[in-house]
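Output the structure for:
(chains A and B)
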Amino acid sequence: MYKYASPKNFYALAGRLVPWLGTITLLLFVFGLYLGLYVAPPDYQQGDSYRIMFIHVPAAWMSMFVYVLMAGAGLVGLVWNIKLADMLATASAPIGASLTLMALVTGSLWGKPTWGTYWVWDARLTSELFLFFLYLGFIALQAAIDDPRRSARAGAVLALVGVVDIPIIHFSVIWWNTLHQPASIGSLGKIIAPTIYPTMLHPLLIMSLAFFLFFFTVVLIRMRGEILARERHTGWVMQIVRSDANAPEARP
Amino acid sequence: MSHNLLGTARCIFQRDLLLAWRKPADVATPLAFFVIVTSLFPLGVGPEPQVLSRLAPGVLWVAALLASMLSLGRLFAADHADGTLEQLALSPHPLTPLILVKVAAHWVTSGLLLVVLSPLLAMQLNLSGHAMVTLAITLLLGTPVLSLLGSVGAALTLGVRGGGVLLSLLVLPLYTPILIFGAGAVTASASGLDTQAYFSLLGAFLLLALGFTPWATAAALRISLD
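All right, here's what the predicted structure looks like:
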């Protein structure tokens, strides 16, 4: 187990895992979308428009999970000085931001048929928007610092402050929302959680798993890139680069 | 120079206040910004007193938020440039309480002045007398939290290119709870509702921020000084 904490061994392990994870992800996406778009019945209130839930809800779940993972990896990197944890945090941020953006866009597209407008200051959408801003701050901070060690540590502190603040932001926004808006709009949770049929729940769970594995596939690919970039002065990376350059199929 | 922690803390506090006193322009600029931004709103939305008093809580709080953020630049920058921060980090005392003292001194020369200035601007925006008092109290409870949260951002962006804009991106999303409850209290007070719960929550945020942010700021400073 410990030997994979070294970037060199991890690079090889990730390289072996990526095709498998990628294939399973693809199969789960196809299966989940088939169940969600063809097998699941239309909703009695929302018709077919609710089907965007199979993208929206997993993306929203993942957006929060990835931030917590990022903060956790940041903490591990900060405390135990583990390079791989730093790289995990850095590699996760753009994926987390894209998932947050996806949750926002699909949420607003879902809002048009259900609420009659693309954007309402619904508590969940609003806190998702601020989560997106927190991701942008993390990415911008890391991009602005050239030294990779300092960049990783500064990002970790920011992510930890953010992870403490996210629940506070979330509950503040809920409070603010109930103060400003009458309860004419039911929250998405009420539609989904208590009265969901297995035919709708199963595709949702499969899509969630697909999103989860998608994240890990992409994060491993990104971490491989990170490793090559940070270890570019070491012998083993030079060897890889040289052998790639000499391989016949690499030539255009 | 005294050697116990309290003496050192008092020394830093007095030094920072003296430095601010000797450079009044640095202190005055965020205040001028606060006044100008709030004065722009009537030009944008029209001078009707009802509209202005409806918008006043949000406008005043957002302007205070931005003014407080703009003043963060001078929290550590000069001390970083002349090596004072490194001396603080090397001192025998723990860095965390020293940071707290620096933030306190910074708040006295930024947030506290916003509180003092706020009734004048509230009058400009046609806020009632009672709401004006609430505004001052919420700012008194809220601006220290802004300074404390902002100190983390200021420490992280120290010596980083594009620091100013970056700082706003880091700090503004973290400020949202303070804005919600600060402006919410003034709105509630303007419509004659009880504001006790808002004050309690803002007080709770202040205690939380006092307890946690100095550590984060000290950690961020050590990273920036590496």
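
For the spatially most central residue of chain A, pull up the helix or strand it's in.
Taking Cα atoms, centre = their mean as the criterion, A:Gly96 is the residue nearest the geometric centre of chain A, at 3.3 Å. Applying DSSP states H and E as the criterion places A:Gly96 in helix A:83-115.

And that helix, what does it pack against?
Under the contact criterion of 3 or more Cβ pairs under 8 Å, 6 or more residues apart in numbering or on different chains; DSSP states H and E, helix A:83-115 touches helix A:7-34, helix A:53-80, helix A:123-144, helix A:148-180, helix A:198-230. C-beta: built from backbone N, CA, C; applies to glycine.

coming back round to it: contacting residues for the residue nearest to the centre of chain A?
Contacts here follow Cβ atoms under 8 Å, 6 or more residues apart in numbering or on different chains; on that basis A:Gly96 touches A:62-63, A:66-67, A:70, A:135.

Pick the one among those closest to B:Leu210.
Set against B:Leu210, the nearest of these by Cβ to Cβ is A:Tyr67 (24.9 Å).

if I look at the residue nearest to the closest one when sequence neighbours are not counted, how far off is chain B?
Nearest in space to A:Tyr67, with sequence neighbours left out and distances taken as Cβ to Cβ, 6 or more residues apart in numbering or on different chains, is A:Gly96 at 5.8 Å. Counting by Cβ to the nearest Cβ, to the nearest Å, the separation of A:Gly96 from chain B is 14 Å.

hang on, B:Ser68 packs against B:Gly150?
Yes. Using Cβ atoms under 8 Å, B:Ser68 is in contact with B:Gly150, at 6.7 Å.

can you map out the helices along chain B?
Here chain B has its helices, by DSSP state H, at B:5-22, B:24-45, B:49-71, B:73-81, B:84-90, B:95-108, B:111-124, B:129-156, B:163-190, B:196-225.

now those as a markdown table including mean pLDDT and mean neighbour count?
Formatted as a markdown table, the helices of chain B follow (pLDDT from 0 to 100; neighbours: other Cβ atoms under 10 Å in any protein chain shown):
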| stretch | mean pLDDT | mean neighbour count |
| --- | --- | --- |
| helix B:5-22 | 91 | 15 |
| helix B:24-45 | 92 | 15 |
| helix B:49-71 | 91 | 21 |
| helix B:73-81 | 88 | 19 |
| helix B:84-90 | 89 | 15 |
| helix B:95-108 | 93 | 22 |
| helix B:111-124 | 92 | 19 |
| helix B:129-156 | 93 | 24 |
| helix B:163-190 | 90 | 22 |
| helix B:196-225 | 92 | 19 |
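
I'd like those written out as TSV, with distance to chain A added.
Listed next are the helices of chain B as TSV, based on distance: least, Cβ to the nearest Cβ, whole Å:
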stretch	distance to chain A
helix B:5-22	23
helix B:24-45	18
helix B:49-71	11
helix B:73-81	14
helix B:84-90	15
helix B:95-108	13
helix B:111-124	19
helix B:129-156	5
helix B:163-190	4
helix B:196-225	5
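
In a markdown table: those helices, plus distance to A:Val173.
Listed next are those as a markdown table, based on distance: least, Cβ to Cβ, whole Å:
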| stretch | distance to A:Val173 |
| --- | --- |
| helix B:5-22 | 35 |
| helix B:24-45 | 24 |
| helix B:49-71 | 15 |
| helix B:73-81 | 28 |
| helix B:84-90 | 36 |
| helix B:95-108 | 26 |
| helix B:111-124 | 24 |
| helix B:129-156 | 17 |
| helix B:163-190 | 7 |
| helix B:196-225 | 13 |
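
Please pull out the lowest mean pLDDT helix or strand from chain A.
Of all helical and strand segments in chain A, the minimum by mean pLDDT, DSSP states H and E falls on helix A:188-192, at a mean of 50.

Now residue 202. Nearest residue, chain neighbours left out?
Picked chain A for this. Counting by Cβ to Cβ, 6+ apart, A:His202 lies nearest to A:Leu35, which is 6.1 Å off, once chain neighbours are set aside.

Chain B is the one I meant
Leaving aside its sequence neighbours, B:Leu202 sits nearest to B:Leu141 (Cβ to Cβ, 6+ apart; 4.1 Å).

how about the one you found, what does it touch?
By Cβ under 8 Å, 6+ apart, B:Leu141 lies in contact with B:182, B:199, B:202-203, B:205-206.

One more pass at 6 Å, please.
Shown in contact with B:Leu141 (Cβ atoms under 6 Å, 6 or more residues apart in numbering or on different chains): B:202-203, B:206.

thinking again about what came up before, of the helices and strands packed on helix A:83-115, which is nearest A:Tyr44?
helix A:198-230 (11.4 Å).
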